[in-house]
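In: What would the 3D arrangement of this be:
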Amino acid sequence: MGKRLQKIALGGGCHWCTEAVFQSLKGVKQVEQGYVTSTGENTEFSEAVIVHFNPEVITLTMLIEIHLHTHKSTSAHSFRTKYRSAIYTYSEAQERESQFILKKLQQDFEKPLITQILPFSSFKASRDSLLNYYYCNPEKPFCEIYINPKLSLLKKQFSEYFTNKDLLYVKRG
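Out: You can find the predicted model right below:
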């Protein structure tokens, strides 16, 4: 019998970008786009996605690796409150695993990773008109400028996990 779906919340850049990246992966069954909060100093909502995935198809390690490579995970720019670079965990075991993964993946980056591992606190979904943004609007300038390069990197560096989602291209009326 297969494992149950797991979930992890990820924040980094614009949630339109993050949503498109994770919607394009084999083993990802659902991506919820919106805003996430954590605890302590991180109670302000920040753009993020919740990724529901089959760990027999794509591991947490691979999801985190893809996440780190598809947003500015080493840049402490001025918009980090709105675009917090984070892995939001749902359990202490997932937190420990994420810490181990992040430490291991640091060797792949010249600069220190600024990505935080934070406990998931709450989620507020984006309004309906923003959901599935890339696959409904692939010709929009934002998508061409910001999302297409991330998907190109995904196809090149992580091709075994990339899936063609042509069926998701839906025009809004």
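
In: helices or strands up against the strand ranked longest in the chain?
Out: When the chain is parsed with DSSP state E, its longest strand is strand 28-37. On a contact count with 3 or more Cβ pairs under 8 Å, 6 or more residues apart in numbering; DSSP states H and E, strand 28-37 meets helix 15-23, strand 46-53, strand 122-125. Every residue, glycine included, has its C-beta placed from N, CA and C.

In: And residue 89, what's its pLDDT?
Out: Per-residue pLDDT puts residue 89 at 98.

In: Who is it paired with across the strands?
Out: Per DSSP bridges, the residues bridged to residue 89 are residue 119.

In: tell me the contacts of it?
Out: Residues near residue 89 by Cβ atoms under 8 Å, 6 or more residues apart in numbering: 8-9, 95, 98, 117-120.

In: could you measure it against residue 66, distance?
Out: Plainly put, residue 89 is 17 Å away from residue 66 if you go by Cβ to Cβ, to the nearest Å.

In: Where do the helices of the chain begin and end?
Out: For the chain, the helices defined by DSSP state H occupy 15-23, 60-69, 92-105, 133-136, 141-142, 148-157.
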